[in-house]
Each structure stands twice: as structure tokens, then as C-alpha cells.
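[1] can't give you the sequence, but here's the structure:
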DNA sequence: AGGGGGCCGTCAGCCTGGTGTCAGCTTGGC
DNA sequence: GCCAAGCTGACACCAGGCTGACGGCCCCCT
């Protein structure tokens, strides 16, 4: 999951960030509500961890504004305010959960997993390449609407090209990605896979640079 | 909403019941886990309020048994145990939230409303997949009118596919959903479950992509 | 307490499609 | 025009997937 952490305390923030990263999620950490607003404008998060007391404003107002815009991303409130009225206000403002500081990191993990369990994700990022729509996470491709299926090795190859668009990749580099060091290929396996990829996606997707390697082509 | 309250303290129980009734929900109040099991067998609840310390057993075990059966009804734990480990155990056992006694009734209301917003917002959406009508909330499936029953694990699997239609799910991802990280499976358990699901719902429901994983199929 | 039934993990044997390999052909550079 | 490099259709093989069977376990009913 992609998680936005809004927390101005540097010690706590770092601890939380490390804990979440340890769970295998990716974390963006900001210390101001203004930065948080910017971050949410440019990226889509699966979960927001929100400290209520920040230098540039009340978190509750921020949360209410989010919900007012129709934002449905789950929000867990981190707060030192353990007064009942504050917690009620947070939940009524649209928070999915809250944790009172100081909290145990294990408990934070449990809460995040709980949210993750009931969360239905945001749409995956789609890479568009001419008529091709490529959803790497879903392992799905459509070519002008018609769905195309790739095999495991073909995905590895395509991913290699998409990760470095425009860059030239030698056959040796591609072999490194396809095969672990202990297995050996003594044939034109790479050429064969490139050929199959071109047949499925269109000849233009991969350009040959004679004697050097391949690169992603232009539509 | 229809709410099941499991609480043996008569004073607290009555107060909670009145509070919930005042919110416009209907409440069934039992004082023993055994009665709770009976009640859930004859009626379908939208929310369970569970006291952890009852005369006839540990609430955690009850909750785990519920989830083990594939019961998805939201559960809020009411407990006097405010130790972190208990809370974590509760959340990991499948609770959606907990409230530590003594709690403010207004806070209880806020929590209930939060759950209500989450679950009642879209009342029992029915997913249609060819001849299949799938009601995830009620855990009910009909295949061209004939009702089909799935086991707990089969539901978890099916849910995973339905939550991300079109997305490819690797065996590792499915394992994460079926098993908590501390248990390990060293066999083809996933394949076996997929096989059983296909037998019940039709071979087309899940497509295999060799070396990659599985995907929801088209009718 | 005992027994029966359902769920689920494991295993073995079968089946299948992806993949490496090869051969013959095409392409491009000099 | 020659040769090296790349392309691609064909094919066989085996890793990966499928499934019927089985037994352990837990729950429920008697």
C-alpha cells in the first residue's frame, strides 16, 4: 500500500515511517498540512495517517475538507488528545480509526492491517503506449480495446523496457533479468522472446540496434 | 441496523441498549456467548458488540471462531482490558474496532455510526457474473437460481478476485490473504482451493496464467 | 464420551502450455 | 555481393498446474 504520513514530530515520524516500511508499504512523510494537500494532489494514497496537532492548522478541519471533496481514502488519526470529545469529533469528521499517543508500534501495524483488510484499492496506474494500455500491477494489456495476454518471461522483458524508456538494453542485460546466474542460455532465447512480444504487441514496440541491443520503440 | 449486544453486566447492557435504540437501531441483547451463537444462527446482524469477559468463555476465541467460519459481520469489542496486547489480539482476531470501558455513550454512538457508514452505505450489492449472483455481504451465491455454498477459504479467495476484477493475483498475494504471516503453507493449497472453487462455480470463473497467477474469468 | 461429517492441507500422478533450441530465412553494413 | 547479425516458424521437453484421494482436525450432534 502507498501511505501518507502527516506528522511533525521528527522522532515519532521516523519511527512510524520505519515501522510501516517494515510492513512492506511505501511511505511518504510530510510535516505540514499544506504539504499533505500538495502530496494528495499529485499522488493517490491508500491510507493517510494524520496527526491532529500540527503547526499550520487543525487536522480535523483538514479531514473535514477532504471528506467534503468526496475523498474516500481511509484516514487513521494519530493524536495525543485522549479526550473523548476529540475522538468523537474525529470519527464524525470521517476518520476510519484513531490511535492515541503514545502508542505501541505493534498496535499501529494491527490497525493498518485492519484498514488494509477492508480497503478496496484505488485503480492501478496505466501506462499508455500508442494503442496499448498497460497495467503492470494487474498484469493486463489492451491493444485498442482488445485484451492481450503475455507470458511470464514476456512480462519481465516488457517491464525491463518500460522501467527505462528510451534506454538501450543489451542482450546481456536482458539475460540477467530473465535468468538467475546459475542457469545458462546458449541460444537466441532473447531474440525469440522479443519476436513473440512484437507479434503480440506490434512490431514497433521494440527496436533493434544491430550489434548493441534493443530499446523501447515509439508508437 | 440490526445489532447484537453481548454483555453480561446488566447496568451497562441496559444503558448501551437504550443508547442504540435511541439511534434508531434494533438491538438483541444476550448475556452469554452460547446465546450469542444461537442468535447469530437464526438472525443476520449488521453489527456485533462483544464484551470480552463473559461467564462462559473468552470473547476472543468466540470472535476467532466467527471469522474462521467466514462470518464478516463487523464486530466492535467492548472491554475493560486496556492493555495493548489485548487490543492487538482483538484486532488481529478480526475485530473492526474496540472501545475500552468505561466509555462514553456518545463515543459508542460515533463508533456505531462509523461502522454504519462503512457497511450500510451500499446495502447488499449483488454482483452478477454470468449465471452467478453473488451477495458478498450476505455470503450467498445462486447459480442460475440454484443456491451454492462456499467454505470460509473459498469466500476469501472469491472476494480477492471480485475486489479487483481483471487484476492478476499471484499465488503469493492469495496466500497473504488466506494465511496470516506467521503460518506457512508448503504445498499446493491455493491450487487445491482454486480447483474446488471452479468445481462449485464453473471452470470459467478463474483463469490460470502459467507462472504468474490467477485472474477472474469472463462468463 | 463417542461418532460422524465437513473443511482443509498434503501428496501423487497426470496433463499442458511456455520456453529453449534449432534451422532456414531475411536484413543491413561495408 | 558477401557475411554477420537478427528474425521466426516449428518442435520437443519439462516445470508448473490440476485434481482425485486421503487423513488430520475441529465442531456439532447425539
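    Now that the structure is in, tell me what you want to look at. What you are looking at is a predicted structure, and each value in this text was computed from that prediction instead of being measured.
[2] and the residue lying closest to residue A:127 once chain neighbours are set aside, how far from DNA strand C?
    Closest residue to residue A:127 apart from its sequence neighbours, by C-beta to C-beta, 6 or more residues apart in numbering or on different chains: residue A:134 at 4.3 Å. Every C-beta, even on glycine, is put in place using the N, C-alpha and C of the backbone. The spacing between residue A:134 and DNA strand C, counted by C-beta to the nearest atom of the strand, to the nearest Å, is 17 Å.
[3] quick one: the strands in chain A?
    For chain A, the strands defined by DSSP state E cover A:2-6, A:26-30, A:47-51, A:53-54, A:57-58, A:75-79, A:97-100, A:127-129, A:132-135, A:140-143, A:146-148, A:206-209, A:213-216.
[4] reformat the ones you listed as TSV; add distance to residue A:36 and mean pLDDT.
    Compiled in TSV, those are given as follows (distance: least, C-beta to C-beta, whole Å; pLDDT from 0 to 100):
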stretch	distance to residue A:36	mean pLDDT
strand A:2-6	5	88
strand A:26-30	5	84
strand A:47-51	8	90
strand A:53-54	9	82
strand A:57-58	10	78
strand A:75-79	11	85
strand A:97-100	17	76
strand A:127-129	27	90
strand A:132-135	28	92
strand A:140-143	32	94
strand A:146-148	37	93
strand A:206-209	41	95
strand A:213-216	35	95
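[5] for residue B:60, find the nearest of the ones you listed.
    With respect to residue B:60, and counting by C-beta to C-beta, the nearest of the strands of chain A is strand A:97-100 at 19.4 Å.
[6] anything in that closest one near chain B?
    Yes: applying C-beta under 8 Å from any C-beta of the partner chain, one finds strand A:97-100 touching chain B at residue A:97.
[7] and that strand, what's buried?
    Within strand A:97-100, the residues that count as buried by 16 or more other C-beta atoms under 10 Å in any protein chain shown are A:97, A:98, A:99.
[8] so what's the second one up against?
    Taking C-beta atoms under 8 Å, 6 or more residues apart in numbering or on different chains as the definition of contact, the neighbours of residue A:98 are A:76, A:77, A:78, A:79, A:87, A:90, A:91.
[9] now do 7 Å
    Contacts for residue A:98 (C-beta atoms under 7 Å, 6 or more residues apart in numbering or on different chains) come out as A:76, A:77, A:79, A:87, A:90.
[10] do the same with residue A:45
    Residues in contact with residue A:45 (C-beta under 7 Å, 6+ apart) are A:2, A:3, A:4, A:73.
[11] hmm, 10 Å instead?
    Applying C-beta atoms under 10 Å, 6 or more residues apart in numbering or on different chains, we find residue A:45 in contact with A:1-5, A:26-28, A:36, A:39, A:71, A:73-75, A:122.
[12] rewinding a little: any idea which of the buried residues of strand A:97-100 is closest to residue B:177?
    Nearest member of the buried residues of strand A:97-100 to residue B:177, counting by C-beta to C-beta, is residue A:97, at 20.7 Å.
[13] which strand residues bridge that closest one?
    Beta-bridge pairing of residue A:97 under DSSP bridges involves residue A:76.
[14] my read: it touches residue B:96, true?
    Yes: under the contact definition of C-beta atoms under 10 Å, residue A:97 touches residue B:96, with a separation of 9.1 Å.
[15] so what's the residue nearest to residue A:200 when sequence neighbours are not counted bridging to?
    Distance criterion C-beta to C-beta, 6+ apart; nearest residue to residue A:200, sequence neighbours excluded, is residue A:148 at 5.6 Å. Listed beta-bridge partners, residue A:148: residue A:141 (assigned using DSSP bridges).
[16] what sits against residue A:148?
    Contacts were defined as C-beta under 10 Å, 6+ apart; by that measure residue A:148 touches A:132, A:133, A:134, A:140, A:141, A:142, A:154, A:200, A:201, A:202.
[17] again with residue A:203
    By C-beta under 10 Å, 6+ apart, residue A:203 lies in contact with A:195, A:197, A:217.
[18] closest one of the buried residues of strand A:97-100 to chain B?
    residue A:97 (7.0 Å; C-beta to the nearest C-beta).
[19] so how far is DNA strand C from the closest one?
    With distances taken as C-beta to the nearest atom of the strand, residue A:97 is found 28 Å from DNA strand C.
[20] on that earlier part again, closest one to residue B:51 out of the contacts of residue A:148, please.
    Ranked by distance to residue B:51 (C-beta to C-beta), these are led by residue A:140 at 46.6 Å.
[21] show me the contacts for the nearest residue to residue A:9 once chain neighbours are set aside.
    Using C-beta to C-beta, 6+ apart and skipping the chain neighbours, the partner closest in space to residue A:9 is residue A:51 (7.5 Å). Residue A:51 makes contacts with A:5-9, A:12-13, A:16, A:31, A:33, A:36, A:59, A:77-80, A:101, as judged by C-beta under 10 Å, 6+ apart.
[22] hang on, the earlier thing: of the contacts of residue A:148, keep whichever come out buried.
    Applying 16+ other C-beta under 10 Å to these, the neighbour count classes A:132, A:133, A:134, A:140, A:141, A:154, A:200, A:201, A:202 as buried.
[23] is residue A:214 bridged to anything, and to what?
    residue A:169, residue A:208.
[24] counting neighbours, what do you get for the closest residue to DNA strand C within chain A?
    With C-beta to the nearest atom of the strand, the shortest gap between chain A and DNA strand C falls at residue A:151, namely 2.8 Å. By other C-beta atoms under 10 Å in any protein chain shown, 16 other residues sit near residue A:151.
[25] re the thing from before, closest one of the contacts of residue A:148 to chain B?
    residue A:140 (5.8 Å).
[26] burial of the residue lying closest to the closest one once chain neighbours are set aside, as a residue count?
    Excluding its sequence neighbours, the residue lying closest to residue A:140 (C-beta to C-beta, 6+ apart) is residue B:166, at 5.8 Å. Around residue B:166 there are 15 other residues, counting by other C-beta under 10 Å.
[27] from residue B:158, how far off is residue B:166?
    15 Å (C-beta to C-beta, to the nearest Å).
[28] next: residue A:191.
    Going from residue A:191 to residue B:158 by C-beta to C-beta gives 41 Å.
[29] quick one, what contacts residue A:214?
    A:157, A:160-161, A:168-171, A:173-174, A:190-191, A:194, A:197, A:205-208.
[30] tally of neighbours for residue A:4?
    Using other C-beta under 10 Å, residue A:4 is surrounded by 22 other residues.
[31] kindly report the same for residue A:218.
    By the criterion of other C-beta under 10 Å, residue A:218 has 11 neighbours.
[32] residue A:6 too?
    Neighbourhood size, residue A:6 [other C-beta under 10 Å]: 26.
[33] hang on, it packs against residue A:28?
    Yes: Residue A:6 is within contact range of residue A:28, at 9.5 Å (criterion: C-beta under 10 Å).
[34] which one of the strands of chain A lies nearest to residue B:112?
    Proximity of the strands of chain A to residue B:112 was assessed by C-beta to C-beta; the nearest stretch is strand A:97-100, lying at 14.2 Å.
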